[in-house]
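Participant: predicted structure and sequence below. I'll ask about it afterward.
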Amino acid sequence: MDQLPDTDTCIQPPGPDNSVTLRFRLSNAHSPHHNGMNILFKIRKLLKSKFDQVSNQRLKNNFLNALPFWLGAFLSGCIAVLYAKLFAWAEAGTVYIYHRADWAFFIITPLCFFLSWWLVAKYAPYARGSGIPQVTAAIELSNPKQHYRVNKLLSLRIIFLKIVSSLTMAFGGGVIGREGPTIQISASIFKKINDLLPSWYPKISKRNMIVTGAAAGLASAFNTPLGGIVFAIEELTKTHFSFFKSALLTGVIIAGLTALNFLGPYLYLGYPQLDRTPAWIVLIIAPLAIITGFAGSAMGEIILFILQKKKLFRRHFAKSVYVIVCGLIIAFVAVAIDFKVMGSGKEIMIFTLFTDDKHLAWYVPLLRIGGSVISFSVAGAGGIFAPSLSAGASIGAVFGGLFNLTASQSNLVILCGMTGFLTAITRSPFTSSILVLEMTNSHNVIFYIMLTALFANLVAQAVSRHSFYDKLRDQYIRDIHLEPLDREEVPGKTEAKSPAANSDPE
């Protein structure tokens, strides 16, 4: 960083050519901006001198390699906590409106759906939806030939619009979650830090930074560090774990500790009662796994089918009408049938796991699945993790009532339903199992949880070979390759500006 020359060296004999320069340099030499820059320069110089005193070169290199991961994990944890608070307030606002003036949903819900979709469609098309397919696409594109395309998937603009769009839809009662968006937000933070590293800095793999960012995002969103690590290994990358295990572990730990320091020790759901369960419960869990496996994969296929058909809408008016109609449908169902159709569904999980009334009406799973399909097809920002868990929990609660199970047995069936449905969507049975176990500290029923994940995964693979996330990822990659590139994205290129901001949000 260049220092500002001393004032004395700037003074030259007065003349027509240098009088302006004299006044400019004198005024800027004492400006707050330059004083601040001088302070930063002195701090940087002091830190560099202390760093140079360390004689162990390997230690210095390891520290420099780890520092971007530590910084990214800390920032991700802070933003994840803030985002979680804002999301909870948005959902609380929805509940408030329902109890005070539920008729207002016929105005608020379509308006929020439209704003959520419009923000994404106009300013950041790849901020739509969950965020996990975008991260996996970014990981695949993180190679020397295509790394510049990752900017469309992970950026500061994505972070801002992801938060604003999802909060808007959540306030309107959309059936979305914050966990998938948190993963894309965290991956964007890590990617931006990697971009800002100076040229002299030790080379750090952009791919490893993105993977670690996504894992840190999941860990801080659910408070599930093991789930974040397993998610990175099973869902995000096929790279050998030894290549980035230290960075991944530290990233997940720091992001999780940051969230814990702000929120305190907590479980995403809590400690459900899980007493000794009889062996015959397997006879109920097995068909439950089959049903949740089919229902989850079918929901994903329906969403993909609708998104594909929406591409036939060429006019902006037709797209707008579709979004508004979706909002009106959600509002009508919430007011006329059951409010449980709205929101991420976390309240349903808490209600069924931690109250004496564990049974739900037979139609609630249909409302949760239908609400997820409608909300996700709008193509605003919003995840599908929590809606999938709540859909599975509602199916499990219906099973508990159908077979007249005890409270402890119903809790186990509800947890298995959550695991099976999430597995069908993600095709990540280990991740789904670990997440449910960590969210409820229910390690004593790990056998039943993993058995459900296994059966549900087999059923989902029979419905469709590729997962919901994989198909969306492939679609994003195709869309990016079809788009012309911005001039600033590839030095020396002269392509016209990408029309992505004005394209169809699918």
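Facilitator: Right, received. Where do you want to start? This structure is a prediction, so every number in the text was calculated from the model and none was measured. Residues are numbered from 1 along each chain as shown.
Participant: show the pLDDT at the residue lying closest to D102 once chain neighbours are set aside.
Facilitator: Nearest non-adjacent residue to D102, counting by CB to CB, 6 or more residues apart in numbering: V335, 5.0 Å away. All C-beta atoms are positioned from the backbone trio N, CA, C, and that covers glycine. In this prediction, V335 carries a pLDDT score of 95.
Participant: any idea how far V335 is from V436?
Facilitator: 32 Å (CB to CB, to the nearest Å).
Participant: neighbour count: the two, which is higher?
Facilitator: V436 (33 against 18; other CB atoms under 10 Å).
Participant: please verify my assumption that L405 contacts V413.
Facilitator: Yes - taking CB atoms under 8 Å as the definition, L405 is a contact partner of V413 at 6.4 Å.
Participant: what residues are shared contacts of those two?
Facilitator: Residues touching both L405 and V413 by CB atoms under 8 Å, 6 or more residues apart in numbering: I284, F399.
Participant: where in the stretch 51-200 of the chain is pLDDT low?
Facilitator: Counting by pLDDT under 70, the stretch 51-200 of the chain contains low-confidence ranges at 51-56.
Participant: contacting residues for the nearest residue to L156 once chain neighbours are set aside?
Facilitator: For L156, ignoring the flanking residues on the chain, the nearest one in space by CB to CB, 6+ apart is K192 at 6.2 Å. Residues in contact with K192 (CB under 8 Å, 6+ apart) are L154, S155, L156.
Participant: in helices, which of those residues appear?
Facilitator: Among the contacts of K192, the members falling in helices (DSSP state H) are L156.
Participant: name the nearest residue to I480, ignoring sequence neighbours.
Facilitator: That would be R149: by CB to CB, 6+ apart, it lies 5.2 Å from I480.
Participant: ok, the one you found touching R478?
Facilitator: No - checked against CB under 8 Å, the pair R149 and R478 is beyond contact range at 11.9 Å.
Participant: okay, these two: which has more neighbours?
Facilitator: Neighbours were counted for R149 and for R478 using other CB under 10 Å; R149 has more, 20 against 11.
Participant: coming back round to it: who touches both of R149 and R478?
Facilitator: With CB under 8 Å, 6+ apart applied, the contact sets of R149 and R478 do not overlap.
Participant: pull the distance from the helix or strand containing G72 to the chain's centre.
Facilitator: Secondary structure assignment for G72, by DSSP states H and E: helix 57-101. Centroid displacement of helix 57-101 relative to its chain, using CA atoms, centre = their mean, to the nearest Å, is 10 Å.
Participant: picking that back up, okay, L405 and V413: which has more neighbours?
Facilitator: Per other CB under 10 Å, whichever of L405 and V413 has more neighbours is V413, with 29 against 22.
Participant: which one is S76 nearest to, not counting chain neighbours?
Facilitator: Here the residue nearest S76, using CB to CB, 6+ apart, is S186, at 4.0 Å.
Participant: neighbours of the one you found, how many?
Facilitator: S186, neighbours per other CB under 10 Å, totals 36.
Participant: kindly report the same for the one 4 residues further on.
Facilitator: Neighbours of F190 under the rule other CB under 10 Å: 31.
Participant: check which helix or strand it maps to.
Facilitator: Judged by DSSP H and E, F190 forms part of helix 179-196.
Participant: quick one: average pLDDT of whatever helix or strand comes next after that helix?
Facilitator: Remark: after helix 179-196, the chain's next helix or strand is helix 206-222, criterion DSSP H and E. For helix 206-222, the mean pLDDT works out to 88.
Participant: so which bits of helix 206-222 are buried?
Facilitator: Burial within helix 206-222, assessed by neighbour count using 16 or more other CB atoms under 10 Å, is assigned to 206-222.
Participant: okay, I229: pLDDT?
Facilitator: 77.
Participant: quick check: it vs Y83, distance?
Facilitator: The gap separating I229 from Y83 is 21 Å, by CB to CB.
Participant: where does the residue nearest to I480 land in three-state SS?
Facilitator: helix (DSSP: H, G, I helix; E, B strand; the rest coil).
Participant: the residue nearest to S76 and G401: what is the separation?
Facilitator: For S186 relative to G401 (CB to CB), the value is 39 Å.
Participant: check F106 too.
Facilitator: Distance from F106 to G401, by CB to CB: 32 Å.
Participant: ends of stretch 219-228, how far apart?
Facilitator: 5 Å (CA to CA, to the nearest Å).
Participant: what are the buried residues along the one helix or strand Q409 maps to?
Facilitator: Using DSSP H and E, Q409 falls within helix 407-426. Buried positions in helix 407-426, judged by neighbour count with 16+ other CB under 10 Å: 407-426.
Participant: right, and E234 touches S428 too?
Facilitator: Yes - in this structure, E234 is within contact of S428 by CB under 8 Å, at 4.8 Å.
Participant: residues near G131, how many?
Facilitator: G131 - counted by other CB under 10 Å - has 33 other residues nearby.
Participant: residues touching it, list them.
Facilitator: K162, G180, P181, T182, I183, Q184, I185, A381, G383.
Participant: do you know how far the fifth one is from I139?
Facilitator: I183 sits 12 Å away from I139, taking CB to CB as the criterion.
Participant: of the two, which one has the most company?
Facilitator: Legend: neighbour count by other CB under 10 Å for I183 and I139, higher for I183 (33 against 25).
Participant: helices along the stretch 301-450 of the chain, start to end?
Facilitator: Taking DSSP state H, counting those that start in this stretch, the helices of the stretch 301-450 of the chain run over residues 316-336, 346-354, 364-377, 385-402, 407-426, 429-440, 446-463.
Participant: counting by contacts, list what the fifth one packs against.
Facilitator: Using 3 or more CB pairs under 8 Å, 6 or more residues apart in numbering; DSSP states H and E as the contact criterion, the neighbours of helix 407-426 among helices and strands are helix 282-310, helix 346-354, helix 385-402, helix 429-440, helix 446-463, helix 468-482.
Participant: helix 407-426 and the first one, what's the angle between them?
Facilitator: To tie it back to what came earlier, the one meant is helix 282-310. Here helix 282-310 points in a direction 30 degrees away from that of helix 407-426 (axes from the mean of the first three to the mean of the last three CA atoms, to 10 degrees).
Participant: buried ones in helix 282-310?
Facilitator: Neighbour-count burial for helix 282-310 [16+ other CB under 10 Å]: 284-285, 288-300, 302-304, 306-307, 310.
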